[in-house]
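my questions are about this predicted structure, shown below with the sequence.
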Amino acid sequence: MEVGYGDGPRIKLLLAAIFLFVVVGGVIDLILDAPTTLLSVHVAFEVLMVLSSLGAASYLALGWYTAESRRVASEEESERLRAEQAEWEARSADLLAGLGSAISDQFRAWALTPAERRVALMLLKGLSQKRIARLTSTSERTVRQHSVAIYRKSGLSGRAELAGFFLESLLLPEDTAKSGTA
C-alpha cells in the first residue's frame with residue numbers, strides 16, 4: 001500500500017482511533033474481569049497497555065496540535081510577507097518603472113537583441129542558466145551563447161559585473177551605511 005502526502009491526516013486519525021480503542025478496550029476488559037487482586041500479571045499487563053496507548057494517543061494529539069500551530073503561523077508569516085512586498089512595490093512603483101526603463105535603454109545602447117535582453121534581465125534577477133533555458137524554451141547552450149554575447153557587447157566580465165553595473169548606484173554609500181544614517 002503506497003502512502004501519499006494527502007494520506008497523512010487519515011493515517012494519523014486511524015492511529016489515534018486504534019490507540020483510543022485499545023484504551024477503551026483495556027478499561028472495559030479490566031472492569032469485566034473484576035480481578036480479585038490488582039497485583040497480578042494480567043492486571044499489570046492491561047494497565048501497561050492502557051497507559052501506553054493513552055500516552056501514544058496524547059503524543060499524537062500534541063504533535064498534531066504543534067504541527068497545525070506551526071502551519072498557521074507559517075501561513076500568517078507568508079501573508080505578512082506578501083502584504084509587505086505589495087506595499088513596497090506600491091511605494092516604489094514609479095522608481096521601479098524608471099529603473100526598468102533605464103535598464104531597457106542601457107540594453108538598447110549595448111545593441112542587445114530581444115532574446116539577449118530577455119536573458120540579461122533574467123540574469124539580473126538571479127536566475128540560473130538552466131532555469132532561464134526552461135523559461136524561454138531554449139537550450140542551456142543557447143542561454144550560454146546569449147550570456148557570452150551580453151558580456152561581450154557590454155564589456156562586462158560576467159553576471160556579478162552585470163548586476164553591479166545596475167545596482168551599484170542603488171546601494172548606500174559606504175560611510176552612510178556604516179554610520180546608520182540615510
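Great, that's in hand.

all contacts plus neighbour counts: C-alpha atoms, from now on.
Noted.

packing partners for the longest helix anywhere in the chain?
For the chain, the helix that runs over the most residues, judged by DSSP state H, is helix 41-109. Here helix 41-109 touches helix 8-33, going by 3 or more Cα pairs under 8 Å, 6 or more residues apart in numbering; DSSP states H and E.

quick one: list the elements packing against the helix it packs on.
Under the contact criterion of 3+ Cα pairs under 8 Å, 6+ apart, helix 8-33 touches helix 41-109.

the helix it packs on versus helix 8-33: what angle between them?
Per axes from the mean of the first three to the mean of the last three Cα atoms, to 10 degrees, the angle that helix 41-109 makes with helix 8-33 is 170 degrees.

tell me the helix or strand right after helix 41-109.
The helix or strand immediately downstream of helix 41-109 is helix 114-124, counting by DSSP states H and E.

now the element after that next one, going C-ward?
Assigned by DSSP H and E, the successor of helix 114-124 is helix 129-136.

can you list the buried residues in the helix or strand that comes right after that next one?
Using DSSP H and E, the next helix or strand after helix 129-136 towards the C-terminus is helix 140-154. For helix 140-154, burial by neighbour count (16 or more other Cα atoms under 10 Å) applies to 140, 143-144, 146-151, 154.

ok, stretch 29-45 next?
Quick answer for stretch 29-45 (16+ other Cα under 10 Å): Val43.
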